[in-house]
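Peer 1: Predicted model and sequence below, questions to follow.
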Number of protein chains: 2
Amino acid sequence: MADDLTPLAVSALALLVERPMHPYEMAQTLRVRGQDLDVKLRVPSLYHAVERLLRDGHVEEVGVGREGKRPERTTYRLTAAGRAAMETQVVAWLRQPRAEYPVLPVAVGEAHFLSRAQVESVLAERRGAVLAERDTVTRMRDAALDKGVPRRMLLGKEYSLHRLDAELAWIDAILTDLDSGALDWDQPFLTSTPPFTEQDPS
Amino acid sequence: MADDLTPLAVSALALLVERPMHPYEMAQTLRVRGQDLDVKLRVPSLYHAVERLLRDGHVEEVGVGREGKRPERTTYRLTAAGRAAMETQVVAWLRQPRAEYPVLPVAVGEAHFLSRAQVESVLAERRGAVLAERDTVTRMRDAALDKGVPRRMLLGKEYSLHRLDAELAWIDAILTDLDSGALDWDQPFLTSTPPFTEQDPS
DNA sequence: CTCGTTATAGTCCACATGGAGTATTCGACG
DNA sequence: CGTCGAATACTCCATGTGGACTATAACGAG
């Protein structure tokens, strides 16, 4: 039983539900549909992903075509196993949250190496960038709705908006606390004995 | 100029600010402090990360010790270049959001392959799991505050809480719209001509 | 009609990741 | 006092990732 599919593999399989394609065409389609905002799309990774799908019987070759005098291309078709594997993976991703590791908490966790002033300035800059992104996403979603794209295709955008709002709220909380001095930035910070665990309860 | 540091590399450098350590000790310290919830910590990756830091002059060997009769261990010390590189990286992460790719939007984006009932049931299950996680994080933060851990060390937890709340709101929105029928789950979905772009504006 | 540009359709290879394994030592239990 | 499990401190290698490169064709500007 071949293991977990990567997000890019799932996107590829989903495209093949519609019709057979060659990898380059998948990449184009994903880009045209804006799905490359949700899935990290790098061409070589896509080719590798398709290779693995082939190896695992999730897709099969449907022919090597020479259309016009373009470079050779291998087209793939979805198998029943591939379809099933994709659905299983989607369900698994929906069913339970998996640990993901955004860098922002790490950065803030080490931000005490910076001066309070620097942190304030840099976070203020970030705040602006996040606001701008929020604006862009809103506009994309609204434009799509106007064009008649069904709501359920835009749920990812709604999620992004929620996340951006959460980030804004959090940045604002930090900036407020930095200003009010509630964040004790200049206190000596513990080195040897972390107070995170009284690890000697014996 | 060596490139971007990985999150794990930054955590390693941050530990070395306190005192020289060997990799295994870094791993233990990160775990004791609960930082392995923010940074993905796998022992082999840590060794590789330290190797790269050594190669790039961010750390130097400070001796191969045999304490007691334990296996040999190589201890590393931070260099000035390493300290600077870490601060630069932290500032870069704070200054601007970088594209990250959570799987949930991808999964929801392909969820139309599932039946409405299945999506509802699976998302309801997820909702419970997210609630439980939110509870756990809250308790961890409160416990740490009680022990006198400074606020600024717990900003990551606050961020997690904001994000979990955002996810809950989003799940609830989907479940509501699925129930009310606002999400037109059973409509025929476009295959050949995506309405995402009228890609013929000529 | 030639020359730089963009689009097509990929491949190469250097690098990063992480499950599983190794080898030694310490501590506890019978 | 032997052995069995856990901790210590790594290493191996299969797999995944992605910047840079290749090679051909169509396209437009001079």
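Peer 2: Ah, there it is. Treat the numbers as computed from the prediction; the structure is a model and nothing was measured. Numbering: from 1, shown residues only, chains lettered A, B, ... in the order given.
Peer 1: Only C-alpha atoms from now on, for both contacts and neighbour counts.
Peer 2: Noted.
Peer 1: Okay, helices next: where are they in chain A?
Peer 2: Using DSSP state H, the helices of chain A run over residues A:7-18, A:23-32, A:43-55, A:80-95, A:104-109, A:116-146, A:155-180.
Peer 1: Which one of these lies nearest to B:Ala12?
Peer 2: Nearest to B:Ala12, of all those, is helix A:104-109, at 11.6 Å by CA to CA.
Peer 1: Show me what the closest one is packed against.
Peer 2: If you count contacts as 3 or more CA pairs under 8 Å, 6 or more residues apart in numbering or on different chains; DSSP states H and E, helix A:104-109 packs onto helix B:80-95, helix B:155-180.
Peer 1: Try it again at 7 Å.
Peer 2: helix B:80-95 (3 or more CA pairs under 7 Å, 6 or more residues apart in numbering or on different chains; DSSP states H and E).
Peer 1: can the helix it packs on be found next to DNA strand C?
Peer 2: No. If you take CA under 7 Å from any atom of the strand as the test, helix B:80-95 misses DNA strand C, and the best it gets is 14.3 Å.
Peer 1: okay, the angle between that helix and helix A:116-146?
Peer 2: Taking axes from the mean of the first three to the mean of the last three CA atoms, to 10 degrees, one finds helix B:80-95 and helix A:116-146 inclined to each other by 40 degrees.
Peer 1: Return the residues in contact with the residue nearest the centre of chain A.
Peer 2: By CA atoms, centre = their mean, chain A has its centre lying nearest to A:Asp38, at 5.1 Å. For A:Asp38, the contact set (CA atoms under 7 Å, 6 or more residues apart in numbering or on different chains) comprises B:101, B:105-106.
Peer 1: Turn the residues you listed into JSON lines, columns for neighbour count and pLDDT.
Peer 2: Conversion of those to JSON lines gives the following (neighbours: other CA atoms under 10 Å in any protein chain shown; pLDDT from 0 to 100):
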{"residue": "B:Tyr101", "neighbour count": "16", "pLDDT": "96"}
{"residue": "B:Pro105", "neighbour count": "24", "pLDDT": "93"}
{"residue": "B:Val106", "neighbour count": "23", "pLDDT": "95"}
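Peer 1: B:Ala182: which of those residues is nearest?
Peer 2: B:Pro105 (18.7 Å).
Peer 1: If we ignore the residues flanking it in sequence, what's nearest the closest one?
Peer 2: A:Gly156 (4.6 Å; CA to CA, 6 or more residues apart in numbering or on different chains).
Peer 1: quick one: that neighbour and DNA strand D, what's the gap?
Peer 2: 20 Å (CA to the nearest atom of the strand, to the nearest Å).
Peer 1: hang on, the earlier thing: of the contacts of A:Asp38, which is the nearest to chain A?
Peer 2: Using CA to the nearest CA, B:Pro105 comes nearest to chain A of the contacts of A:Asp38, at 4.6 Å.
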